[in-house]
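Student: Would you be able to build a 3D model of this:
(one chain, ligands or ions: 2)
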Amino acid sequence: MLNKNKSVARSFFITTMGCQMNEYDSDFLAQSLIQSGLLPVDDPGRADLILINTCTVREKPEQKAFSLFGRMARIKRRKPDLILGVVGCLAQQMGEGVIKRFPQLDFVMGPRELGRIQEILEQIYSGRTKIVATGLEEPPPQPTACRGYFKGRVTSFISIMEGCNNFCSYCIVPYVRGREISRSPEEILIEAGNLIAEGVKEITLLGQNVNSYRWNEEENGDFVSLLKKLNKLGGLLRLRFTTSHPKDLSDGLIECFADLDKLCPHIHLPFQAGSNPVLKRMKRGYTREEYVERIAKLRQVKPDIAITSDVMVGFPGESKDDFEMTLDLIKRVQFDGLFSFKYSDRKGTLADKMGNKVGETEKSFRLSILQDLQKQITLKKNKNLEGKRMDVLIEGYSKKEGQLKGRTGSNKIVNLICDTIKIGSLVNVIIKQGFLNSLRGELT
Ligand code: 5AD
Ligand code: SF4
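Tutor: Ligands and ions are numbered 1, 2, ... in the order given. Prediction:
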């Protein structure tokens with residue numbers, strides 16, 4: 001199909017849904033577009049190119065993406081020269097199907113094809129329409145120098161590995177992000193150096209399963225060695241990583257929380273379910289007892305470590321007793337925070353084909369019980385911090401007027417009133433009040 005009238009895009013707008021990996025990918029795309037001369041704008045109505053970076057891990061973000069495509073398609077009806085692209089995991093999963101459903105879209109590009117953005121735009125400018133780029137063979141693109149893009153940011157991400165080999169039975173990620181592939185320590189250190197040179201103080205290392213990071217067969221090619229190298233970087237104040245898999249959480253990695261001064265005392269360790277038969281059908285590779293043992297070890301090595309997790313309710317065949325086991329695990333571990341979801345079928349996964357699906361009403365009921373329980377725990381934990389002194393990295397302005405917003409090493413949001421400190425500084429704060437989603441602090 002040819003469309004000879006398509007003009008060259010001069011400005012772009014990217015909207016990002018889903019996880020931190022998508023935020024990282026959107027930054028990569030924005031830098032590529034800026035390097036080829038386009039200007040970012042903060043209103044989609046003023047952009048010549050709109051990219052929607054999508055997520056398909058659960059049904060809810062997928063539905064949100066579809067309604068956004070509808071809204072963007074309406075903008076395009078008013079402005080036919082607008083170039084509309086869908087990128088990310090939903091693009092990978094549906095491929096041409098997205099364009100069939102939303103014919104206003106110009107291209108679809110999966111997460112491993114992002115490095116082709118400039119080439120794809122060239123093809124569109126020269127008259128080709130409807131491009132589908134969903135290969136999974138190539139490694140994800142390597143970011144280039146930042147050239148000022150991250151100036152003004154206090155925190156940033158680095159993707160150290162991508163994809164997943166675990167094939168948990170409910171999960172679409174291995175199908176849309178491909179098999180695990182790690183980046184070289186040299187590339188990662190260069191990227192970290194570039195970010196620090198732009199003023200970034202805190203780096204979060206990203207991967208679907210960071211603790212299976214491995215660079216070749218080199219002796220020092222594992223995740224612990226990488227953390228040790230990054231911990232030595234001058235100018236960096238804080239280091240974090242996400243997401244870890246309980247089955248791969250080695251003693252060596254746990255000990256890093258005591259040994260590495262920049263590594264923040266927080267781990268996000270999804271447990272997904274508290275019942276062994278469910279964990280088995282999820283193909284998670286650990287039991288509840290093994291999970292609890294890893295938590296005990298983490299707390300033994302780093303007593304004040306904050307632990308957050310992901311959990312889902314209503315996995316196929318989850319009985320009331322299974323669900324009780326999940327509640328029991330939550331009470332036992334006392335997580336600092338939990339991301340909780342209703343199980344949703346993802347096409348092509350093993351769980352999609354399982355029988356004994358739990359009804360929507362029952363899933364919603366279980367989710368609300370679970371969330372009520374966790375709210376009590378989170379609030380209690382945050383109230384227990386009242387009167388404690390904590391180091392807070394100031395990230396920016398708070399939503400609360402006249403206040404600054406920062407984070408503790410344990411990843412809790414702190415709002416404080418102060419007009420003498422600068423964004424990007426690490427300050428010692430006394431916690432005055434603990435709420436459900438944040439803390440209120442004062443300078444000591
Ligand atoms: N249904 C519900 N939640 C899911 N997650 C992943 N796949 C599904 C699914 N099919 C959740 C898991 C994972 C988080 C990113 O999303 O809890 O850790
Ligand atoms: Fe999905 Fe399991 Fe891989 Fe996590 S470890 S991305 S849940 S398959």
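Student: Isn't S184 up against W215?
Tutor: Yes - contact criterion C-beta atoms under 8 Å: S184 and W215 qualify, at 5.6 Å. (Each C-beta comes from the backbone N, C-alpha and C, glycine too.)
Student: Helix, strand or coil: sort out E191 for me.
Tutor: helix (DSSP: H, G, I helix; E, B strand; the rest coil).
Student: and it, what pLDDT?
Tutor: At E191, the model reports a pLDDT of 94.
Student: Tell me who's in contact with it.
Tutor: P143, I158 (C-beta atoms under 8 Å, 6 or more residues apart in numbering).
Student: Likewise for L105?
Tutor: F69, A73, L84, G85, V86, V98, I99, K130.
Student: From the residues you listed, which land in strands?
Tutor: Mapping the contacts of L105 onto strands (DSSP state E) picks out L84, G85, V86.
Student: okay, those in TSV with distance to S309 next?
Tutor: Compiled in TSV, the ones in strands among the contacts of L105 are given as follows (distance: C-beta to C-beta, whole Å):
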residue	distance to S309
L84	37
G85	34
V86	31
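Student: Ligand 1: which of those is nearest?
Tutor: V86 (20.2 Å; C-beta to the nearest ligand atom).
Student: In the sheet, which residues pair with the closest one? Tell me.
Tutor: Beta bridges link V86 to I52, V108 when assigned by DSSP bridges.
Student: ok so, going back, for the buried ones among the ones in strands among the contacts of L105, write the corresponding PyMOL selection.
Tutor: Those of these that count as buried under 16 or more other C-beta atoms under 10 Å are selected in PyMOL with:
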select buried, resi 84+85+86
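Student: Now render the ones in strands among the contacts of L105 as JSON lines, adding pLDDT.
Tutor: As requested, the ones in strands among the contacts of L105 are exported to JSON lines (pLDDT from 0 to 100):
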{"residue": "L84", "pLDDT": "96"}
{"residue": "G85", "pLDDT": "96"}
{"residue": "V86", "pLDDT": "96"}
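Student: one step back: going by distance to L249, which of the contacts of L105 wins?
Tutor: V86 (35.0 Å; C-beta to C-beta).
Student: show me the contacts for that closest one.
Tutor: L51, I52, T54, A65, F69, V98, F102, L105, F107, V108, M109.
Student: And the fifth one, how far from R101?
Tutor: According to C-beta to C-beta, to the nearest Å, F69 and R101 sit 8 Å apart.
Student: Same question for the first one.
Tutor: Applying C-beta to C-beta, the value for L51 to R101 is 18 Å.
Student: okay, the two: which has more neighbours?
Tutor: Neighbour tally, L51 and R101, criterion other C-beta atoms under 10 Å: the higher count belongs to L51, 26 against 12.
Student: I figured that one hits S32, correct?
Tutor: No - judged on C-beta under 8 Å, L51 makes no contact with S32 at a distance of 10.7 Å.
Student: Up against ligand 2, what does the protein have?
Tutor: By the rule C-beta under 6 Å from any ligand atom, the part of the chain lying against ligand 2 is C164, N166, F167, C168, C171, V173, P174, Q208, N209, H245.
Student: give me the number of residues near the second one?
Tutor: Think N166. N166: 18 neighbours (other C-beta under 10 Å).
Student: quick one: contacts for it?
Tutor: By C-beta under 8 Å, 6+ apart, the neighbours of N166 are P174, N209, H245, K283, G285.
Student: go on, the first one?
Tutor: By C-beta under 8 Å, 6+ apart, the contact set of C164 is C171, V173, P174, R177, R179, E180, Q208, N209.
Student: ok, now the last one?
Tutor: H245 sits next to N166, N209, N211, S212, P270, G285 when contact means C-beta under 8 Å, 6+ apart.
Student: wait, isn't the last one in contact with K247?
Tutor: The reference is to G285. Yes - between G285 and K247 there is a contact under C-beta under 8 Å: 4.0 Å.
Student: picking that back up, can you lay out the contacts of N166 as CSV showing secondary structure and distance to Y125?
Tutor: CSV is the format used below for those (DSSP: H, G, I helix; E, B strand; the rest coil; distance: C-beta to C-beta, whole Å):
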residue, secondary structure, distance to Y125
P174, helix, 35
N209, coil, 39
H245, coil, 43
K283, coil, 46
G285, coil, 48
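Student: wait, isn't L350 in contact with F315?
Tutor: No - applying C-beta under 8 Å as the test, L350 and F315 come out as separate, 11.4 Å apart.
Student: Check for me that K64 belongs to a strand.
Tutor: No - K64 sits outside any strand when classified using three-state DSSP, being helix.
Student: what about it, how many residues close to it?
Tutor: K64: 14 neighbours (other C-beta under 10 Å).
Student: sorry, back to before: from the ones in strands among the contacts of L105, which single one is nearest ligand 2?
Tutor: Closest to ligand 2, out of all of those and judged by C-beta to the nearest ligand atom, is V86, at 21.1 Å.
Student: Give me the pLDDT for whichever residue of the stretch 101-250 of the chain sits closest to ligand 1.
Tutor: In the stretch 101-250 of the chain, the residue that lies nearest ligand 1 is Y170 (4.1 Å; C-beta to the nearest ligand atom). On the pLDDT scale, Y170 is placed at 98.
Student: and it, what element?
Tutor: Under DSSP states H and E, no helix or strand contains Y170.
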